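Asks: Take a look and give me a structure for this.
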Amino acid sequence: MTTFIECGKILFAIFPQIMCEAILKEIKSYERAHDHKVIDVWLLLIIYANGGPYKKLAESILKKKAAAGLFGKNLFNQCIKGRLLLLQVSSVTADILLGL
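Replies: Sure thing, here's the model as predicted:
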C-alpha cells in the first residue's frame, strides 16, 4: 500500500519545480481560514522535508499562515489525528510545528 507521503514523493520526482511552484503559489493565495484544507499543511510539510530550493518558502508560508490564524488549532488537530506515526518519522516536522 502506497502512503500519502510516498505518492507525494513520486509526484515531486516527476515534476518537482512545476509542482512545488504551483502548490506554494496556490496555498499562499488563500486569504481565509476556511479556504485551507488538511492537504495544504501536509503539502507544505512534504516540500519542507524534501529540502531543496523551496524549503525556506514552504517554512515561511507555514509560519505566516499559522501566525495569521489561517492554520488554526483545529486544522492542525485534523492533520495529526490518527497520523502520529507519520509525525514521528521526521523530527524536522516536529521542529516546525513546535516552532510556530
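Asks: Low-confidence stretches in this protein?
Replies: Scanning the chain with the threshold set as pLDDT under 70 gives 1-4, 11-15, 82-100.
Asks: That one: helices as residue ranges?
Replies: In chain order, the chain shows helices spanning 4-14, 16-29, 38-50, 55-67, 73-80, 84-89, 91-99, with DSSP state H as the criterion.
Asks: need these in JSON lines with mean neighbour count, can you?
Replies: C-beta: built from backbone N, CA, C; applies to glycine. Conversion of the helices of the chain to JSON lines gives the following (neighbours: other Cβ atoms under 10 Å):
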{"stretch": "helix 4-14", "mean neighbour count": "14"}
{"stretch": "helix 16-29", "mean neighbour count": "15"}
{"stretch": "helix 38-50", "mean neighbour count": "20"}
{"stretch": "helix 55-67", "mean neighbour count": "17"}
{"stretch": "helix 73-80", "mean neighbour count": "14"}
{"stretch": "helix 84-89", "mean neighbour count": "11"}
{"stretch": "helix 91-99", "mean neighbour count": "13"}
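Asks: give the contact list for the residue most central in space within the chain.
Replies: Among the residues of the chain, the one closest to the centroid is residue 44, at 2.2 Å (Cα atoms, centre = their mean). Contacts for residue 44 (Cβ atoms under 8 Å, 6 or more residues apart in numbering) come out as 24, 27, 58, 61-62.
Asks: hmm, try it at 6 Å
Replies: Shown here is residue 44, whose contacts under the criterion Cβ atoms under 6 Å, 6 or more residues apart in numbering are 58, 62.
Asks: Distance of it relative to residue 73?
Replies: In this view, residue 44 and residue 73 are 17 Å apart by Cβ to Cβ, to the nearest Å.
Asks: do the same with residue 41
Replies: Distance of residue 41 to residue 73, computed by Cβ to Cβ: 12 Å.
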